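Engineer: Structure for the following, please:
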Amino acid sequence: MSIYTGRGDEGKTDLRDMTRVSKSSARIEAYGTVDELNALIGTIRPTDHDDINERLRTIQNQLHVVLADFANPDPDEDDPVVRAEHVDTIEGWIDEYDEELEPLTSFILPTGSEHGAKLHHARTVCRRAERRAVSLANEEPINEQAVQYLNRLSDGLFTLARVVNKRDGEREEQPQY
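Structural biologist: Next up, the predicted model:
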């Protein structure tokens with residue numbers, strides 16, 4: 001398999017079904033931002049917390065499913081697509097980690113330890129990926145579960161950032177108005 005093909009030299013790329021689309025299309029923007037999020041999460045691992053590392057590894061694999069879902073406008077039954085259980089997994093983690101945290105009573109600044117701050121950064125990229133997915137959904141039908149997954153994942157990354165910061169002894173800071 002060659003790394004370069006030259007097929008994209010004119011600003012077009014192939015979807016999974018070999019449809020040629022502009023590299024600036026809403027579909028490419030959506031899955032490109034998911035790819036960026038996945039790479040960013042890769043810079044966070046490993047942390048000093050085995051359970052967080054395992055969650056992040058799972059998230060990276062799930063993001064590959066989102067990529068495949070967005071890259072395939074007409075998936076077959078056996079093609080990878082985001083399913084309700086992907087969303088359920090994130091919700092379960094949020095519920096689990098919420099028990100470890102103090103209740104949230106106000107906004108907090110996205111800061112903390114190195115890994116905590118990077119998780120906050122990943123949350124913002126996830127929100128952008130979600131916005132790109134919504135833009136795509138406004139243009140053509142997509143799997144609604146993928147949008148829901150990205151929405152829930154941003155909540156999950158926020159929760160993971162709070163947990164990592166707590167475990168690393170970092171105090172949450174509230175904005176001053």
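Engineer: C-alpha only now, for contacts and for neighbours.
Structural biologist: Fine.
Engineer: So residue 97 lies in a helix, does it not?
Structural biologist: Yes - if the criterion is DSSP: H, G, I helix; E, B strand; the rest coil, then residue 97 is within a helix.
Engineer: Next one: residue 68 from residue 121, what distance?
Structural biologist: Separation of residue 68 from residue 121 (Cα to Cα, to the nearest Å) stands at 24 Å.
Engineer: Confirm that residue 42 sits in a strand.
Structural biologist: No - residue assignment for residue 42, taken from three-state DSSP, gives helix, which places it outside any strand.
Engineer: and the host helix or strand of residue 93, what does it pack onto?
Structural biologist: Assessed by DSSP states H and E, residue 93 sits inside helix 84-98. Using 3 or more Cα pairs under 8 Å, 6 or more residues apart in numbering; DSSP states H and E as the contact definition, the elements that helix 84-98 packs against are helix 144-167.
Engineer: Point out the other helices and strands that the helix it packs on packs with.
Structural biologist: The criterion is 3+ Cα pairs under 8 Å, 6+ apart, and the helices and strands that helix 144-167 contacts are helix 50-71, helix 84-98, helix 114-139.
Engineer: That helix vs helix 50-71, what angle?
Structural biologist: Going by axes from the mean of the first three to the mean of the last three Cα atoms, to 10 degrees, helix 144-167 is angled at 160 degrees with respect to helix 50-71.
Engineer: Go ahead and name everything in contact with helix 144-167.
Structural biologist: Helix 144-167 has contacts (Cα atoms under 8 Å, 6 or more residues apart in numbering) with 49, 52, 66, 69, 81-84, 86-87, 90-91, 93-94, 97-98, 100-101, 112-113, 115-120, 122-124, 126-127, 129-130, 133-134, 171-172.
Engineer: Buried only: go through those for me.
Structural biologist: When neighbours are counted using 16 or more other Cα atoms under 10 Å, those contain these buried positions: 52, 66, 69, 81-83, 86-87, 90-91, 94, 98, 112-113, 115-120, 122-124, 126-127, 129-130, 133-134.
Engineer: Not counting residues beside it along the chain, what's closest to residue 161?
Structural biologist: residue 116 (4.4 Å; Cα to Cα, 6 or more residues apart in numbering).
Engineer: just residue 101 next, same as before
Structural biologist: Across the structure, with Cα to Cα, 6+ apart as the measure, the residue nearest residue 101 apart from its sequence neighbours is residue 163 (6.8 Å).
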